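K.L.:
Okay, predicted coordinates and the sequence, questions at the end:
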Amino acid sequence: MISLRAAAESSGRQTTIILSYNQVEWWLLRWTDNQVLCSILVDHEGLPTSSEVLKSCGETLLVEWQNTPPCKDIIKGREDTSSCSGLYLVQISVQPKEREILVDLPTASAWVSLSGCTPAPPENRCEQLPSLLITGEEPLPNEQITAIEGTFAGFPFACEGATCSLPLSVTPEDGILVEFTAISSYGDTSPVYSAQVRVMDSGVSLAPGGSGWFVDVLSTQWRGGRLASCSQTWEAFPPVGGMAGWLGTPDSSTLLASDEAYYYLAGRLIVQELVDASACQTGGLLPNGYADACGLEAARPQVMEWQNQFDERILQVAEEKGVPAQLMKNLFAQESQFWPGVFRVPYEFGLGQITDHGADALLLWNSTFFDQFCPLVLAQDACDRGYLSLLPEDQAILRGALAVEARSDCPECMAGVDLTNVDFSISLFADTLLANCEQVAQLISYNTGEKPGKVSSYEDLWRLTLANYHAGPGCMSYAIFNAWSTNRVELLWEEVTTRLTPACQGVVPYVDKITQNTQDAVSPP
C-alpha cells in the first residue's frame, strides 16, 4: 500500500511536445547611413513588439525608434535616405524552427458518493445502511486506475480497480474521517482527498423490521446530492434529521407565501399611486414615508400581493445557488420589506440593500462570482490578477457596476421601480450570502485556530453569517475573538452577542427576526 504522505508528495504530470514555428529575423537600422544597430528574433508575424525591441536593442534605441518620424524621401520615391532621421526596421529572413514545450498533463482524481441509498435533503435519511463508494478517474488515454487506497477512521484500506465500496455503520455525531487516493497505471497517484462521514440512527422505522439512518458526507469530491448550504465551506454538518424552518427550501413557491403587514412597503405603494388612501385623514402617510394605520389598512391587499410576487424567483435562485429560500425571503423582509428601490437611506440597493462594503465582500470572497462578473466590466488581464490586486479605482468601478445592476429605481417605470432588474438582484444577494459564508469561515479560523464546524454549530454559523452580512467583519471579528477568549471549547451565538460593542448591538434583533421563521409587522419607527 502506498502511503498517503508519499501520494501527497508525488510530482505532477508533465510531457514534452515539439512545436514547429517560423523564426523571423529583423534588423534595426539608421536612416542616415543604413548602419545595422541590432538584430531582433521573433516567432510571430508582423513587426516586433516594443518589448521585443527593448530586450534585443536596449531602451535608448527603442525610444529613438518609437520617436522616428516618417521618411519623406521614401514617401516621395527617392532612394537617398541620408537626410532622414531616426531608425527603421527591415525583415531579413524567415527560418523554420522547432522548440520543446513542457506541458502539464491532467492528473488522476477520485470521487465519493453513496451506494445503496440516495439520501434526499433536508433529512438525508436512508432506509438501510449504505456504503461509501469511492470512484477513481484517469483522464489519460491508455492509462487506468489500478487501485484505491486510504484510511477509514484511522484504519488503512485498499481496493483493486477503479472503485472501492466501504460499508458504513453508525458514527460519532462529529463523524469519521476518510482519506483516499487513486493509483494510476501511469505510475503516480491522484491527490489525497478527504471526506467527513456521519451516520446517525434516526430511531424511526422506514421499512418492516428495519430502522432509518441519517447520512451526511462532507467532501470537495462529493458526487451525491446537493450539500447543505455552506456546509463544505465551514466543514460543518447540518443538524441531524433536517433543518430549522428558516433554513429550509420548500418544494413549491406557495409555501414561501407570507401575509405580513409592512408599513414602509404600504407607504411606498401609496406614494407611487398604486394604492388609493385618499379616504385617510393624512392620505395614509406619516411624515417619514411610512403608512399610518389607516394607510396600511387601505394598502393591505396590495401589500400581500407585492411581498409574494418574488417567491418563484427566490425558489429558483435557491435551487441554483444552494442558499436556503426561506432565509433569503426573511432577509429581504428585514432589509427592504420587499421594496427593491431606495429603502430609508440612499446608497443601499435592491431587495437585500447591498452597500459599498457589501459589494466589496462579494467581490473579494466569492471568487466564482468575481471571475464571471469582472470581465464584463474590466479587461480580462486585470481580472486575472484578482480583486485585491486591482487598482483602487478599478475596484471602485466594479463596486459601482454592481450597484447599477442591483439598483431598481426607475422614475419612468410603473411603480417607480424596474421589476425586471429584481431577478438579477435576487441572484446577486444569494452570491453575497455565499461570500459572507467564506468570510465568516476565515474570521473563525483566524480567531480560534480551528475549523468553523469544529467549534460552532451549523445553525450558529448561519447566524454569524447573517450578522456579518448586516454589521460587517469589524463587528464580528471583535466579538468572535472575545467570545473565544472566554470559552475555548465552543463558539456559541449567545456568547458572541454578549461581546458585541454597543454600536454593533443592533445586529442581534436583526438576526433574531430572520431566524424566527415568521416576520413581525415592521411598524413606523
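P.N.:
Right, received. Where do you want to start? Every value quoted in this text rests on a predicted model; they were computed, and no experiment measured them.
K.L.:
From the contact counts, what lies against the helix or strand where Leu363 lies?
P.N.:
Using DSSP states H and E, Leu363 maps to helix 356-365. Helix 356-365 sits against helix 367-373, helix 392-406, helix 422-448, with contacts defined as 3 or more CB pairs under 8 Å, 6 or more residues apart in numbering; DSSP states H and E. Glycine gets a C-beta too; all of them are placed from N, C-alpha and C.
K.L.:
Confidence-wise, which of those helices is weakest overall?
P.N.:
Note on the helices and strands packed on helix 356-365: helix 392-406 shows the lowest mean pLDDT, a mean of 89.
K.L.:
can you give me the strands in the stretch 151-300 of the chain?
P.N.:
Along the stretch 151-300 of the chain, counting by DSSP state E, counting those that start in this stretch, strands occupy 155-160, 163-167, 176-184, 193-201, 213-218.
K.L.:
Can you check which of these gets nearest to Asp104?
P.N.:
strand 176-184 (15.4 Å; CB to CB).
K.L.:
Kindly present the strands of the stretch 151-300 of the chain as a markdown table, with separate columns for mean pLDDT and mean neighbour count.
P.N.:
Output for these, formatted as a markdown table (pLDDT from 0 to 100; neighbours: other CB atoms under 10 Å):
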| stretch | mean pLDDT | mean neighbour count |
| --- | --- | --- |
| strand 155-160 | 97 | 13 |
| strand 163-167 | 97 | 17 |
| strand 176-184 | 97 | 23 |
| strand 193-201 | 95 | 20 |
| strand 213-218 | 93 | 24 |
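K.L.:
Put together a markdown table for these, with distance to Tyr387 on each row.
P.N.:
Converted to a markdown table, those look like this (distance: least, CB to CB, whole Å):
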| stretch | distance to Tyr387 |
| --- | --- |
| strand 155-160 | 42 |
| strand 163-167 | 40 |
| strand 176-184 | 33 |
| strand 193-201 | 28 |
| strand 213-218 | 27 |
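K.L.:
give the contact list for Thr135.
P.N.:
The contact partners of Thr135, by CB atoms under 8 Å, 6 or more residues apart in numbering, come to 110-113, 162-163, 223.
K.L.:
Give me the pLDDT for it.
P.N.:
In this model, Thr135 is scored at 98, pLDDT.
K.L.:
does it belong to a helix or a strand, and which?
P.N.:
strand 131-137.
K.L.:
Quick check: can you name the pairing partners of that strand and their directions?
P.N.:
In the sheet, strand 131-137 lines up against strand 109-115 (antiparallel), strand 163-167 (antiparallel) (DSSP bridges).
K.L.:
hmm, back to that, name the stretch among the helices and strands packed on helix 356-365 that sits most buried.
P.N.:
Each of these was scored by mean neighbour count; the highest is helix 422-448, a mean of 22, by mean count of other CB atoms under 10 Å.
K.L.:
re earlier: and the helices and strands packed on helix 356-365: which comes nearest Gly242?
P.N.:
Closest to Gly242 of the helices and strands packed on helix 356-365 is helix 422-448 (CB to CB; 19.8 Å).
K.L.:
Buried by neighbour count: which residues of the helix or strand just after that closest one qualify?
P.N.:
Reading on from helix 422-448 to the C-terminus, the next helix or strand found by DSSP H and E is helix 452-455. By neighbour count on 16 or more other CB atoms under 10 Å, the buried set for helix 452-455 is 452-453, 455.
K.L.:
So, low pLDDT: which residues of this protein?
P.N.:
1-11, 73-79, 204-211, 342-347, 517-525 (pLDDT under 70).
K.L.:
swap the cut-off to 80 and go again
P.N.:
Along the chain, segments meeting pLDDT under 80 span 1-12, 72-81, 120-122, 203-211, 341-349, 406-411, 414-415, 517-525.
K.L.:
And the buried ones among the contacts of Thr135, selectable in ChimeraX?
P.N.:
Entered in ChimeraX, the line below selects the buried ones among the contacts of Thr135, by 16+ other CB under 10 Å:
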select :110,111,112,113,162
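K.L.:
what would the contacts of Thr135 look like in JSON lines with distance to Arg99?
P.N.:
Listed next are the contacts of Thr135 as JSON lines, based on distance: CB to CB, whole Å:
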{"residue": "Ala110", "distance to Arg99": "35"}
{"residue": "Trp111", "distance to Arg99": "37"}
{"residue": "Val112", "distance to Arg99": "42"}
{"residue": "Ser113", "distance to Arg99": "44"}
{"residue": "Ala162", "distance to Arg99": "37"}
{"residue": "Thr163", "distance to Arg99": "42"}
{"residue": "Arg223", "distance to Arg99": "40"}
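K.L.:
and of the contacts of Thr135, the nearest to Leu419?
P.N.:
Using CB to CB, Arg223 comes nearest to Leu419 of the contacts of Thr135, at 38.1 Å.
K.L.:
I figured the closest one was touching Trp111, is that so?
P.N.:
Yes - with contact defined as CB atoms under 8 Å, Arg223 counts as touching Trp111 (4.7 Å).
K.L.:
Quick check: closest non-adjacent residue to the most centrally placed residue in the chain.
P.N.:
The residue lying closest to the centre of the chain (CA atoms, centre = their mean) is Asn366, at 3.1 Å. Closest residue in space to Asn366, ignoring its immediate chain neighbours: Ala435 at 3.8 Å, by CB to CB, 6 or more residues apart in numbering.
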